[in-house]
Every structure is written in C-alpha cells, then in structure tokens.
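Peer 1: Sequence plus predicted model, see below.
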2 protein chains.
Amino acid sequence: MTLQLFYTPDISPHDKVYVLNEEESKHAIRVLRLAEGHAVYLVDGKGGQYRGIITHAHPKRTAITIEDFKPDYEKRNYYLHIAVAPTKNIDRIEWFLEKATEVGIDEITPIICEHSERKEVKPERLNKVMVAAMKQSLKAYLPKLNETVKLTDFLKKDGEPQKFIAHCANGEKRYLTDGIKVAGRYVILIGPEGDFSVPEIRLAVEAGYMPITLGSSRLRTETAALVACLEAAIGNR
Amino acid sequence: MTLQLFYTPDISPHDKVYVLNEEESKHAIRVLRLAEGHAVYLVDGKGGQYRGIITHAHPKRTAITIEDFKPDYEKRNYYLHIAVAPTKNIDRIEWFLEKATEVGIDEITPIICEHSERKEVKPERLNKVMVAAMKQSLKAYLPKLNETVKLTDFLKKDGEPQKFIAHCANGEKRYLTDGIKVAGRYVILIGPEGDFSVPEIRLAVEAGYMPITLGSSRLRTETAALVACLEAAIGNR
C-alpha cells in the first residue's frame, strides 16, 4: 500500500483531528479512493510530520484523527540558499526545483543577471512543483521561494555567513565540498545560460562571495544548481 | 558566437578534410546559417575532438578543413557503468541520460527487475538524447547504451572490478564516496520505482555487489542514478 501524504500548512501540534479542505478531500476519497481506517501523513511544510487515520471519509470534508506528531522531521544540519538565474525554458528550472526538493534545499531566489534571457517567473507554478516534490519524496519541509530580484540588488543583502559564486570564467576557484564549514548556512549563486558577466563576478567577489568550480564539465544552469545542492549534502555528511 | 559541434562518428585522425552528411550539412547551412570561414568542432564520440574551418558551405555536402585534433579529450580518470531500471515514465530516464552525459558516465544498461513496471526501452530515442547532451556540453565521449537485460542475467556477468547496489531496504551500507577506489572502474545498480526486492538484493550481494546509500532522502530512480554519477565524480577529484 502506497503511503499517502497531504500538505496541510495550517495544521498545528495541538490538533487532535484535522479536516482536509474540499479539494484535498475530493482527491483523497474520489481519486486515491482512501477509506476509513486508512493511515495517512500530513506535513506542514515547516518540518512537522503528522501521522493519522481517516475517521470520516467524506468527499468534501475528510476527517483525520492525529495519532503521532514529529517536529523537525528529517531536519538537515545545514541551511542552503541557492540564488539562480531562471532558464529561458522554464521547464528546466521546474526540474531543478523538483530535484532540489528531493535532495535538500531551504531557500531559492530567482536572480536576473546581465546575460539573463528570462526576466520573470510565475511563483505559483514553481511552488506547485515543489509541493508535489515534497509529497513525492515524503518530506516535511517546503523550500522557500523568494521574489525575483536583480543580481546587483541581491548582492547588497547580508545573505548567509558563507557565500559562494559558481562561474566558468578564469580565476582561482575551490570545490564547494572543500570550501564549506560543516553544519553552516550557505548561499550559492548560479548564473544564466551565458554565465555571469565579468563585472558581475567582480561585484560578487567584492561582496564576499568565494568563487567555486562544480567540476571540469560545462554544465547547464539547472544542472549546476543541482550539483551545488548535492555537493552541499555530501560536504555535510 | 556560439561554438557549433557536430557528431561525426566516422571521422579519423588522418582526415585533412571532412564532409558533413546531407542532414548535418543542411542543418549547418540552412538552420545554423554557418558560412565559409566559420570554426566548428567535430567529435567522434570516442574522445576525439577535431577543430576545423568550413571551407565549402554547401547545403548537401559541407566541407570542413581540419586544423587540430585532440585525442582523449577531457578523459576522466574513472570508468562508470550505471545499470538502472527504466522508469515507468520514460521522460525521467531520458532526463537522467541527458544529465549523466553532462556530468560524466561511460556505460548504461537498462535492467528489468521484479518490481519494474516498464519492461522495454527504445534505444534509438535514448541514444538521440545522449548525442544531443554530448553536443550541448561540448564533450567528445558518447556513453555506450547496452541492450536491456533482466537483472538476474546481469548479475551473472563479470562486470567491473568494483560493484555497488543502491537500495533502500535495511542493512549495513556505505557511502559511494567512501567505498570507491580512486581512478577505478565501477558498476552501480539503481532499482525501479518500487526498489529492488529483498531476494534481488541478496542475489546481488552474493554476486559481489556492495550495498550503498545515496543519503537519507528518498530519491526517485532517475535522481538516485544521477546522484550516483555525481558521487563518483566527487570521489575521484
């Protein structure tokens, strides 16, 4: 029997019974054909995982009796913020968000760079992709999607204690796995299809960003962003 | 100006001039609008990278004069064979092949397992995806796609010196980055959506496969396969 997981951002640890909204109730009863007595998971997207049993299988207001609550479910020991230039073909960033949610990410900021071909994204659509990925991979944390900003404005922010920029231009670079402090907080910049411009790289370095390489291969934007997530995971084992 | 790369498996290091076939000539002249004097790269898929100049821009037989030849272009120091159960939705395996070609893979075998929902793949389509990814990422090696086989038959082969199986069942496991010998040859088994069955895992261990974990997250088949490629790359730095 496949485990079913629902995203219920308004659930609270005090709840003894939680009633799914109309859309989720319909999905649970009409599509998944869940019945009374069926065990399900509810997650709040902030680390809270609830295990419950369907006690009223109603297609508009299905009631779930909560039996167990785990806070900070599978909390990682590091915090990862990726600031990435949206790809021209938005499918590629959606793919990145799906995979990053699976392997571990906390925060994403779409950044507009000098060489960006795409200047805007639809956050609703991207959030939907992440919710689906969170459910699929049975996680309890939903990554936070920030508003799209210009790189030059992003660089003015304080950001995280450890800052990195992945670029393909010449210059001295480290591997992310060698550069990160374990159990730290990181922000990593990933450029657009045409890479960061040289002035952008200089600005980032002046703002405290350490240049890194993600290996010798030329990687697409979304691949580079995912490789950064994986390197952070491996560097924190 | 974007670099243009053509896949020309029949080119040889002795060629002074290479003539693109009709399809590639048409693409070069009519679609990419390349003209005489334009620099292009040709790769043979076996590590040979040729730099040339268009000396006859003909839409049916474009001639390229070879100016430089590099054998073993960007050859990696390890050999990676991934044997992976094709996903129910074939897009997901195509995606894996694209990304794996970018980050580094040598050989792929589709394997049919007890829990496989998909029992066959179309090799032409998958090869096409890998050729496109090789061109996009300016590589000179085309990964080798083997015929689809049953896992039980695959386990009877000698395989590579270092053998691994990534599974989600209980038991002692290592990280791939800790288990691999640097600059070695590896084969890694990645299971279907429902994972390997317990008898399959036992058979693999009896055949010399070392159980590994790809981290604490539940990963989709294609994500797990790509994570394995990245761990091999990182473990070989």
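Peer 2: That came through, no problem. Numbers count the residues shown, from 1 in each chain, chains lettered A, B, ... in the order given.

Peer 1: so where do the strands sit in chain A?
Peer 2: In chain A, the strands defined using DSSP state E lie at A:4-7, A:17-19, A:39-43, A:49-56, A:63-70, A:79-84, A:107-112, A:144-145, A:149-150, A:162-166, A:174-175, A:185-190, A:210-213.

Peer 1: Next to chain B, which bits of chain A? Give me the list.
Peer 2: A:74, A:95, A:99, A:102-104, A:136-139, A:175, A:177, A:215-220, A:223, A:226-227, A:230-231, A:233-234, A:237 (Cβ under 8 Å from any Cβ of the partner chain). C-beta here means a position set from N, CA and C on the backbone, and glycine is covered the same way.

Peer 1: Export the strands of chain A as CSV, with columns for distance to B:Pro199 and mean neighbour count.
Peer 2: Shown next, in CSV, are these (distance: least, Cβ to Cβ, whole Å; neighbours: other Cβ atoms under 10 Å in any protein chain shown):
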stretch, distance to B:Pro199, mean neighbour count
strand A:4-7, 28, 19
strand A:17-19, 40, 15
strand A:39-43, 27, 21
strand A:49-56, 30, 18
strand A:63-70, 32, 16
strand A:79-84, 38, 23
strand A:107-112, 41, 21
strand A:144-145, 43, 16
strand A:149-150, 53, 15
strand A:162-166, 43, 23
strand A:174-175, 40, 14
strand A:185-190, 42, 25
strand A:210-213, 43, 18
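
Peer 1: Mind putting the ones you listed into a markdown table with mean pLDDT?
Peer 2: Shown next, in a markdown table, are these (pLDDT from 0 to 100):
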| stretch | mean pLDDT |
| --- | --- |
| strand A:4-7 | 94 |
| strand A:17-19 | 97 |
| strand A:39-43 | 96 |
| strand A:49-56 | 97 |
| strand A:63-70 | 97 |
| strand A:79-84 | 98 |
| strand A:107-112 | 98 |
| strand A:144-145 | 98 |
| strand A:149-150 | 98 |
| strand A:162-166 | 98 |
| strand A:174-175 | 94 |
| strand A:185-190 | 98 |
| strand A:210-213 | 96 |
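
Peer 1: Distance check, the nearest residue to A:Val227 once chain neighbours are set aside against B:Ala224.
Peer 2: Nearest non-adjacent residue to A:Val227, counting by Cβ to Cβ, 6 or more residues apart in numbering or on different chains: A:Leu214, 4.7 Å away. Here A:Leu214 is placed at a distance of 20 Å from B:Ala224 (Cβ to Cβ, to the nearest Å).

Peer 1: Kindly give the local confidence score, pLDDT, for the residue nearest to the spatial centre of chain A.
Peer 2: The centroid of chain A falls nearest to A:Pro143 when counting by Cα atoms, centre = their mean (3.6 Å). On pLDDT, A:Pro143 comes in at 98.

Peer 1: what does A:Ser217 give?
Peer 2: Looking at A:Ser217, its pLDDT reads 77.

Peer 1: Looks like it contacts B:Glu102 (just checking).
Peer 2: Yes: between A:Ser217 and B:Glu102 there is a contact at 5.9 Å, judged by Cβ atoms under 8 Å.

Peer 1: what is the closest residue to A:Asn127 other than its chain neighbours paired to in the beta sheet?
Peer 2: Counting by Cβ to Cβ, 6+ apart, A:Leu145 is the residue found nearest to A:Asn127 once chain neighbours are left out, at 5.8 Å. With DSSP bridges applied, A:Leu145 shows beta-bridge pairing to A:Ile108.

Peer 1: just to revisit the earlier point, which residues are in contact with the residue nearest to the centre of chain A?
Peer 2: Counting by Cβ atoms under 8 Å, 6 or more residues apart in numbering or on different chains, A:Pro143 makes contact with A:Leu97, A:Ala100, A:Thr101, A:Ile105, A:Asp106, A:Glu107, A:Ile108, A:Met130.

Peer 1: repeat that with 10 Å
Peer 2: Shown in contact with A:Pro143 (Cβ atoms under 10 Å, 6 or more residues apart in numbering or on different chains): A:45, A:80-82, A:97, A:100-101, A:104-108, A:126-127, A:130-131, A:133-134.

Peer 1: Separate out the buried members of these.
Peer 2: Applying 16 or more other Cβ atoms under 10 Å in any protein chain shown to the contacts of A:Pro143, the neighbour count classes A:45, A:80-82, A:97, A:100-101, A:104-108, A:126, A:130-131, A:133-134 as buried.

Peer 1: which one of A:Ser217 and B:Glu102 has more residues nearby?
Peer 2: Neighbours per residue (other Cβ atoms under 10 Å in any protein chain shown) separate A:Ser217 from B:Glu102, with B:Glu102 holding more: 23 against 18.

Peer 1: Check the gap between the closest residue to the more buried one other than its chain neighbours and B:Thr101 for me.
Peer 2: The shortest distance from B:Glu102 to any non-neighbouring residue, by Cβ to Cβ, 6+ apart, is to B:Ser137 (4.7 Å). From B:Ser137 across to B:Thr101, the span is 7 Å (Cβ to Cβ).

Peer 1: Next, show the common contact partners of those two.
Peer 2: Here B:Ser137 and B:Thr101 share the contacting residues A:Ser217, scored by Cβ under 10 Å, 6+ apart.

Peer 1: all helices for chain A, in order.
Peer 2: For chain A, the helices defined by DSSP state H occupy A:22-26, A:90-103, A:123-136, A:151-154, A:176-179, A:198-206, A:221-235.

Peer 1: Deepest-packed of those, please.
Peer 2: Highest mean neighbour count among these (mean count of other Cβ atoms under 10 Å in any protein chain shown): helix A:221-235, with a mean of 24.

Peer 1: helices and strands around it, which ones?
Peer 2: Judged by 3 or more Cβ pairs under 10 Å, 6 or more residues apart in numbering or on different chains; DSSP states H and E, helix A:221-235 is in contact with strand A:79-84, helix A:90-103, strand A:162-166, helix A:176-179, strand A:185-190, helix B:90-103, helix B:221-235.

Peer 1: between the longest one and helix B:90-103, how many degrees?
Peer 2: Think helix B:221-235. Calculated by axes from the mean of the first three to the mean of the last three Cα atoms, to 10 degrees, helix B:221-235 forms an angle of 10 degrees with helix B:90-103.

Peer 1: cool, and the second one?
Peer 2: Between the direction of helix A:90-103 and that of helix B:90-103, the angle (the same axes, to 10 degrees) works out to 90 degrees.

Peer 1: for chain A, what are the low-confidence residue spans?
Peer 2: Within chain A, the stretches with pLDDT under 70 are A:1-2.

Peer 1: A:Ala232 reaches A:Tyr79, doesn't it?
Peer 2: Yes: with contacts counted by Cβ atoms under 10 Å, A:Ala232 reaches A:Tyr79, the gap being 9.5 Å.

Peer 1: Identify the contacts common to these two.
Peer 2: By Cβ under 10 Å, 6+ apart, the residues touching both A:Ala232 and A:Tyr79 are A:Ile105, A:Gly184, A:Tyr186.

Peer 1: Nearest spatial neighbour of the last one, chain-adjacent residues omitted?
Peer 2: Excluding its sequence neighbours, the residue lying closest to A:Tyr186 (Cβ to Cβ, 6+ apart) is A:Gln162, at 4.7 Å.

Peer 1: residues near the residue nearest to B:Glu102, how many?
Peer 2: B:Ser137 has 20 neighbouring residues, counting by other Cβ under 10 Å.
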